[in-house]
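1. Sequence plus the predicted model coming up.
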Amino acid sequence: MGLFSRLKTLVSSNVNDMISKAEKPEKMLNQLLIDMNEQLIESKKAVAMAIADEKKLERETANQETQAKEWERKAMLAVQAGKDDLAKEALLRKQEYDKAAAEYRKQWESQKTSVDSLKESLRDLQNKIEEAQRKKNLLIARAKRAEAQQKIQDTISSVSGNRSAFDAFDRMSAKVDQMEAEADASKELQDLSNNTSLDRRFAELEKSDSSADLLLQDLKEKMKALPDKS
């Protein structure tokens, strides 16, 4: 299993565990980003080591090729000096270095291919972490809004389900209606009583005035009937 495959498995395991235990999305997201960045740091270290190995293989390949060229130069010197036996020995040494250089080059090219792939995977991982960082605040805002909506809905459900409170309001409303009706009735009776009393007083007054008129009239008639003493 490669470096990033292990990283993916580890991150997936951590995420699934965190999500199943999460109570606060904000806390979970922050912790998730911390874990991802820690894994990114470890991945960078591993890639850096792979790059160092690749550079080491590159240098060793170059060194072997340089040694091969050097023994070839010595073989030419031996030939020029008429020492073919020495030239053969030099060529055998050159052959050894050529073989070693070919092996190192093969290892170096393979390591370089792996390093290029690791670099690409590292860039992809870093881009995804940066994207997760950008999305974090949006996810937190959405979570808070959902939480607030849930609280409101719970409150509405709680109030709607409390029939005793609504019944109490209905009973109080009926009581207030009754009190207002009784007050209106009392006022109406009082007004009726006041009107009756006033009518009675005027009737007595009119009766009193009519009786006095009659008495006065009788007196005047009586006086007319008396002999004139003048």
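-> Right, received. Where do you want to start?

2. hey, let's count contacts and neighbours off CA atoms from now on
-> Will do.

3. Report the distance from the strand or helix carrying residue 53 to the chain centre.
-> Assessed by DSSP states H and E, residue 53 sits inside helix 25-80. Here helix 25-80 shows a centroid-to-chain-centroid distance of 43 Å under the convention Cα atoms, centre = their mean, to the nearest Å.

4. Offset the numbering so it begins at 331, please.
-> With 331 as the first residue, the last one maps to helix 355-410.

5. Packing partners of that helix?
-> Of the remaining helices and strands, those touching helix 355-410 by 3 or more Cα pairs under 8 Å, 6 or more residues apart in numbering; DSSP states H and E are helix 333-351, helix 414-491.

6. hey, which of those helices is tucked in deepest?
-> For those, the largest average neighbour count (mean count of other Cα atoms under 10 Å) is found in helix 414-491, namely a mean of 15.

7. thinking again about what came up before, quick one: which of the helices and strands packed on helix 355-410 has the weakest pLDDT on average?
-> Averaged per stretch, pLDDT over the helices and strands packed on helix 355-410 is lowest on helix 333-351, reaching a mean of 53.

8. Excluding sequence neighbours, find me the nearest residue to the residue nearest the centre of the chain.
-> Per Cα atoms, centre = their mean, the C-alpha nearest to the average position across the chain is that of residue 470, at 2.2 Å. For residue 470, the nearest residue in space outside its immediate sequence neighbours is residue 356; the separation is 5.5 Å by Cα to Cα, 6 or more residues apart in numbering.

9. count of neighbours near the one you found?
-> When neighbours are counted by other Cα atoms under 10 Å, residue 356 registers 17.

10. again with the one 4 residues further on
-> When neighbours are counted by other Cα under 10 Å, residue 360 registers 15.

11. Now do the nearest residue to it once chain neighbours are set aside against residue 482, distance only.
-> Across the structure, with Cα to Cα, 6+ apart as the measure, the residue nearest residue 360 apart from its sequence neighbours is residue 466 (8.0 Å). Here the criterion is Cα to Cα, to the nearest Å. By it, residue 466 lies 24 Å from residue 482.

12. domains of this protein?
-> Taking automatic domain parsing as the criterion, the chain consists of the domains 333-490, 510-554.
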